[in-house]
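Visitor: missing the sequence, but the structure's below:
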């Protein structure tokens, strides 16, 4: 839930594999601690309290001797905890880095093989792996010394208690039987402490994992909508006036950009790579907020609209295609969940996707997995276009929508898109002049 509320800026600055590591490895560590260590902590605390009461009823003086060693136990535990938590946090961060690199390498495996970078990938993986091993060794060392140190302090406490008990037998009326009983209580008092110290590795790994998970949950979400946020019907009159924006304050991408578009208009953005074409569409969706200037829709400031309402009224075909695990029908219906099967098929025909879909093994019921790995790049793009065609959004954004299709298919799509864009405000980002030749501006 917290992840879905984070701004796009967060996902742009964090590798996917590193984020996934927080919700797999880190959560698994927390689960192990809760299912194993937590029960030991609860039973240990109950045992300590009960044993302490019995020790008091047997001998107050010997109980005080035992308690005198508690500060030493706490000091040792605190020192170890300070070092352990540092190295366990570093260990979890290193695991995240390894997972991020693995995810990146697997998703880009074709590029790796095309450029013969297998050996370089292995070398980089070895560097990350050695860093992880070094941090794991330090974390396991501090986790491993906890048990022996705590156990030896408990033995010293036990020996001193027995020595003082012997003196009490000689000088007072304390009996050997009472000393034997107290000695058993003393052992039982130290037992939960020793048991907990043996699970310190699990405990600190869970703490480090919990810290990383809560760091994500504590990230600032997108600014909440105002209580009086607008949810009125959107016609599609878009005005940008002196818009200035930069992903970093010291590097401005757009400076004093102004434009006007109305329903039926097709506005084209053509320019060199990195000129800020896609950035303009990111601002329209409020994935990022502008630094200066003003953007209005139907004469109302962009920020006055509810984000959900705004994004429901903007259909996008992104340069990077993404399909979800599910049928072809379900993937197209992602554009409008209440669409009928007939509307989905009509949208596929508009995008010139119907013919290739019908050639699939199960047609519209063909299950896609691995981001549509069994389809070509062009076919995946056609499904994305069909998804946008299905939407009734009055504003349409096409970010290199036909970059992955052949010229013949592009002409078919353009005819369908012309029908689709007839009453919509359309923003087109393209490198081919043929794609934008019918634009109004």
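Guide: Structure's in. What do you need? Please read all numbers here as calculations on a predicted model, not as lab measurements.

Visitor: okay, CA-based contacts and neighbour counts for the rest of this
Guide: Will do.

Visitor: would you confirm that residue 41 belongs to a strand?
Guide: No: the assignment for residue 41, made by DSSP: H, G, I helix; E, B strand; the rest coil, is helix rather than a strand.

Visitor: got a pLDDT number for it?
Guide: Looking at residue 41, its pLDDT reads 71.

Visitor: just give me the neighbour total for it.
Guide: 17 (other CA atoms under 10 Å).

Visitor: what do you get for residue 346?
Guide: Residues near residue 346, counting by other CA under 10 Å: 17.

Visitor: can you check the pLDDT for it?
Guide: 90.

Visitor: name the element it belongs to?
Guide: Taking DSSP states H and E as the definition, one finds residue 346 inside helix 341-350.

Visitor: and stretch 341-360, how far apart are its ends?
Guide: From its first residue to its last, stretch 341-360 covers 17 Å (CA to CA, to the nearest Å).

Visitor: tell me, please, the helix or strand in this protein that averages the lowest pLDDT.
Guide: Ranking every helix and strand in the chain by mean pLDDT, DSSP states H and E puts helix 407-420 at the bottom, with a mean of 68.

Visitor: mind listing residues that contact the helix or strand just after that helix?
Guide: Tracing the chain past helix 407-420, the next element assigned as helix or strand by DSSP H and E is strand 425-429. Contacts with strand 425-429, where a contact means CA atoms under 8 Å, 6 or more residues apart in numbering, come from 236-237, 261-270, 277-278, 394-400, 436.

Visitor: pLDDT at residue 404, what is it?
Guide: At residue 404, pLDDT is 62.

Visitor: mind jotting down where the strands sit in the stretch 101-250 of the chain?
Guide: 238-245 (DSSP state E, counting those that start in this stretch).

Visitor: okay, and which of the contacts of strand 425-429 map to helices?
Guide: Using DSSP state H, the subset of the contacts of strand 425-429 located in helices is 277-278.

Visitor: which of the contacts of strand 425-429 fall in strands?
Guide: Mapping those onto strands (DSSP state E) picks out 261, 266-269, 395-399.

Visitor: just curious, which of the residues you listed is nearest to residue 30?
Guide: residue 399 (41.7 Å; CA to CA).

Visitor: beta partners of that closest one?
Guide: For residue 399, the beta-bridge partners are residue 429 (DSSP bridges).

Visitor: what average pLDDT does stretch 383-397 get?
Guide: Per-residue scores along stretch 383-397 average to 86.

Visitor: just flag the most distant two among the ones in strands among the contacts of strand 425-429.
Guide: 261 and 399 (16.9 Å).

Visitor: in contact with the residue nearest to residue 30 when sequence neighbours are not counted, which residues are there?
Guide: Closest residue to residue 30 apart from its sequence neighbours, by CA to CA, 6 or more residues apart in numbering: residue 206 at 4.5 Å. With contact set as CA under 8 Å, 6+ apart, residue 206 has these partners: 26-27, 29-33.

Visitor: what pLDDT, on average, does stretch 10-25 get?
Guide: pLDDT averaged over stretch 10-25 gives 76.

Visitor: from start to finish, how long is it in a straight line?
Guide: 20 Å.

Visitor: pull out the buried residues from it.
Guide: Buried residues in stretch 10-25, counted by 16 or more other CA atoms under 10 Å: 15-19, 21-22, 25.

Visitor: just stretch 52-66 next, same as before
Guide: So, applying 16+ other CA under 10 Å, buried residues of stretch 52-66: 52, 55, 58, 62-63, 65-66.

Visitor: what comes into contact with that stretch?
Guide: So stretch 52-66 is contacted by 157-158, 160-161, 164-165, 178, 181-182, 185-186, 189 (CA under 8 Å, 6+ apart).

Visitor: and with 10 Å instead?
Guide: Stretch 52-66 has contacts (CA atoms under 10 Å, 6 or more residues apart in numbering) with 46, 49, 67-68, 154, 156-158, 160-165, 168, 174, 178-179, 181-186, 188-190.

Visitor: gap between that stretch and the chain center?
Guide: 52 Å (CA atoms, centre = their mean, to the nearest Å).

Visitor: any idea of the mean pLDDT in that stretch?
Guide: Here the average pLDDT along stretch 52-66 is 79.

Visitor: what does stretch 287-305 give?
Guide: On average, stretch 287-305 scores 87.

Visitor: just the terminal-to-terminal distance for it.
Guide: 13 Å.

Visitor: hmm, back to that, which of the contacts of residue 206 lies closest to residue 313?
Guide: residue 27 (36.6 Å).

Visitor: how near is the closest one to residue 211?
Guide: For residue 27 relative to residue 211 (CA to CA), the value is 10 Å.

Visitor: so what's residue 46 up against?
Guide: Per CA under 10 Å, 6+ apart, neighbours of residue 46: 40, 52, 192.

Visitor: the first one reaches residue 203, doesn't it?
Guide: Pointing back at residue 40 there. No: at 11.2 Å, residue 40 does not count as touching residue 203 under the criterion of CA atoms under 10 Å.

Visitor: between the two, who's got more neighbours?
Guide: Neighbour count, other CA under 10 Å: between residue 40 and residue 203, residue 203 has more, with 24 against 17.

Visitor: now the more buried one. Nearest residue, chain neighbours left out?
Guide: residue 33 (6.0 Å).

Visitor: surely the one you found is in contact with residue 208?
Guide: No: with contact defined as CA under 10 Å, residue 33 does not reach residue 208; the gap is 11.6 Å.

Visitor: correct me, but residue 16 touches residue 103?
Guide: Yes: counting by CA under 10 Å, residue 16 sits close enough to residue 103 to count as a contact (7.5 Å).

Visitor: after the helix or strand containing residue 20 comes which helix or strand?
Guide: In this assignment (DSSP H and E), residue 20 forms part of helix 16-23. Per DSSP H and E, the first helix or strand lying C-terminal to helix 16-23 is helix 25-32.

Visitor: with that, I have no additional questions.
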